[in-house]
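[1] Below: sequence and its predicted model.
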Amino acid sequence: MLRELVSRFSSTIAARRASVRKNFNVPVKVCFAPENDGVKQPRSWDDAFLSGETTDVSRTGIGFAVSAIRIRDRYLVGQERLLNVELDLSGTKVRMQVRGRRYEKVGIHISTEKYLVGAEIISVDEADKRAYEHFLAHGHKSSGNLAAAFELGAE
């Protein structure tokens, strides 16, 4: 009885520490954030990127699936490398900077092979943060009104 009570209490505390993940599949575009290491890198979102889709989102992180774990010769996860991510939330583009924390290769055949990447959100500008939090709270059901709500200053 006591063991069961302690177990429930521990799981409740653990659940409150972690952000709630919501399973949303929205288009995502991933590229490397510029580094100040003297090496010339693409500066545009369109120069070198991967497209994919999110698998889950939360206030503190996102999970996304992409077709490769590298862009050119650089891995998405590791070496504390920052990534620029652009989410397409029904016509509203939300940009954020994330750090890849883990990845997993999934798929049963080379033609369906993908990589699931778990990333921690490092920074988001204020307007994008409001749009992202609105999406987390309301999901797809109000995403058509997302741009209009922010133009009017409503939430």
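    Here it is on my side, so go on.
[2] Which parts of the chain are helices?
    2-17, 126-138, 146-152 (DSSP state H).
[3] Comparing these by mean pLDDT, which bottoms out?
    Of all the helices of the chain, mean pLDDT reaches its minimum on helix 146-152 (a mean of 48).
[4] In contact with the closest residue to Leu87 other than its chain neighbours, which residues are there?
    The spatial neighbour of Leu87 that comes closest, neighbours along the chain excluded (C-beta to C-beta, 6 or more residues apart in numbering), is Val94 at 4.6 Å. C-beta: built from backbone N, CA, C; applies to glycine. With contact taken as C-beta atoms under 8 Å, 6 or more residues apart in numbering, Val94 is in contact with 86-87, 124, 128, 131-132, 135.
[5] same thing but at 6 Å, please
    87, 128, 131-132 (C-beta atoms under 6 Å, 6 or more residues apart in numbering).
[6] Model confidence at it, what's the number?
    In this model, Val94 is scored at 94, pLDDT.
[7] All the strands of the protein, residue numbers only.
    With DSSP state E as the criterion, the chain has strands at 27-32, 50-57, 61-66, 70-71, 74-75, 82-89, 92-106, 114-124.
[8] chain center to the fourth one: distance?
    When distances are taken as C-alpha atoms, centre = their mean, to the nearest Å, strand 70-71 is centred 17 Å away from the chain's centroid.
[9] Touching that strand from outside, list them.
    Here strand 70-71 has contacts from Ala48, using C-beta under 6 Å, 6+ apart.
[10] Give me the most central residue, this structure.
    Ile62 (3.0 Å; C-alpha atoms, centre = their mean).
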